[in-house]
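In: Sequence first, then the predicted structure:
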Amino acid sequence: MTSSFRVGDLEIKGYSDGILKTSLNMILNMERGQSEGLVGGTDNGWLFIPVNNFVFERDGKIVMIDAGSGHDMQPTLGKLPENLRAGGIDPKAVDVIVLTHIHPDHANGLIDADGAAIYRNAEILVHAQEYDFWMGEETGREPDKLKAVRARNKRNMKPYVERVRRMREGEEVLGCTPVLAAGHSPGHTCWRVMSGRDSFLAWGDIVHLSAIQISHPDTTLSYDLDGEMARKSRHRILDMVANEKIVVAGAHVNAPGFGHVVRKNGTYAFENA
Ligand SMILES: [Zn+2]
């Protein structure tokens, strides 16, 4: 299913990569009874969340935010290329891919089963802090899990390394400006996309479990690289989008993945646009 929203002159279309099976076990600082209540109950802690990607055209270029989960994560994922085609977009025609961070459900979809680029002609925009961490050598004693993610990320980025643009705050390409919001990953980035005086914010994984972390922003996840930093980033971004009333496009908020954050009962709530 494709749906869209407008920001200034831009029409932003949401494209699903599928549904990610995840678990409440990853929540570090909330009682299970409370988290179960917030998500409306689970099957033994398992729950399903959407993986949303966003596409718009500007100056004759097709820009896509995040690249989906790819062929080998879960059978309910990796649907982005076929959904793009169904929407009339050949993956080869994508000119620019903007990455919020290099985690498997956002970047594993860059390559096919043979390790070749699916988006053959795309340039990648990614924050320098995120790219340099994952593409660099391991530092000191890293847990095996981190080493494995780094190896996977290098594989995913490999066919693209000649066309990666390492971005920093203040830089802009096709209206896209990075807003560093680190913690979930070392250079996790929200992207502000301007169109005239309007803008929207693609906020990546500022919330991974939207039913919990929007109303309870202090809740962190076992795989946040730095939970305390992620918590502060989440508060800062929620405060910003609520104050500015800008549209949010979220990787894991209720499909189709865009809406507004409002203040409610001393915290925040999400309203689909
Ligand atoms: Zn994610």
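Out: Received it, and whenever you're ready, just let me know what you need.

In: contacts, neighbours, all on C-alpha from now
Out: Fine.

In: Now do the SS call for the nearest residue to Gly183 once chain neighbours are set aside.
Out: Of all residues not flanking Gly183 in the chain, Ala230 sits nearest, at 3.8 Å (CA to CA, 6 or more residues apart in numbering). Secondary structure for Ala230, judged by DSSP: H, G, I helix; E, B strand; the rest coil, is helix.

In: which residues in the chain form strands?
Out: 3-7, 10-23, 46-58, 61-65, 96-98, 123-127, 164-167, 176-180, 189-195, 198-204, 247-250, 258-264, 267-272 (DSSP state E).

In: Put together a markdown table for the ones you listed, with mean pLDDT, mean neighbour count and distance to Lys145 on each row.
Out: Below are the strands of the chain laid out as a markdown table (pLDDT from 0 to 100; neighbours: other CA atoms under 10 Å; distance: least, CA to CA, whole Å):
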| stretch | mean pLDDT | mean neighbour count | distance to Lys145 |
| --- | --- | --- | --- |
| strand 3-7 | 93 | 16 | 36 |
| strand 10-23 | 95 | 21 | 17 |
| strand 46-58 | 96 | 21 | 21 |
| strand 61-65 | 98 | 20 | 26 |
| strand 96-98 | 98 | 24 | 25 |
| strand 123-127 | 98 | 25 | 22 |
| strand 164-167 | 98 | 17 | 25 |
| strand 176-180 | 98 | 22 | 24 |
| strand 189-195 | 97 | 23 | 22 |
| strand 198-204 | 97 | 23 | 22 |
| strand 247-250 | 96 | 27 | 26 |
| strand 258-264 | 95 | 19 | 32 |
| strand 267-272 | 94 | 17 | 32 |
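
In: do you know which of those lies nearest Ala148?
Out: strand 10-23 (19.0 Å; CA to CA).

In: Could you list the residues in contact with the closest one?
Out: 1-6, 45-58, 68-69, 74, 76-80, 83-84, 195, 256-257 (CA atoms under 8 Å, 6 or more residues apart in numbering).

In: Please name the residues that touch the residue most central in space within the chain.
Out: Centroid check for the chain by CA atoms, centre = their mean gives Gly204 as the closest residue, at 2.8 Å. Gly204 makes contact with Thr100, His101, His188, Thr189, Cys190, Ala249, Gly250, Ala251, His252, according to CA under 8 Å, 6+ apart.

In: re earlier: does the residue nearest to Gly183 touch Thr219 like I think?
Out: No - the pair Ala230 and Thr219 fails to qualify as a contact (CA atoms under 8 Å) at a distance of 9.5 Å.

In: Compare these two (neighbour count), which wins?
Out: Using other CA atoms under 10 Å as the criterion, Ala230 and Thr219 rank with Ala230 on top: 27 against 21.

In: quick one: contacts for the more buried one?
Out: Residues near Ala230 by CA under 8 Å, 6+ apart: Ala181, Ala182, Gly183, His184, Ile206, Thr220, Asp224.

In: Next, work out how far apart it and Leu47 are.
Out: 22 Å (CA to CA, to the nearest Å).

In: do the same with Gly266
Out: With distances taken as CA to CA, Gly266 is found 27 Å from Leu47.

In: Done for today, thanks.
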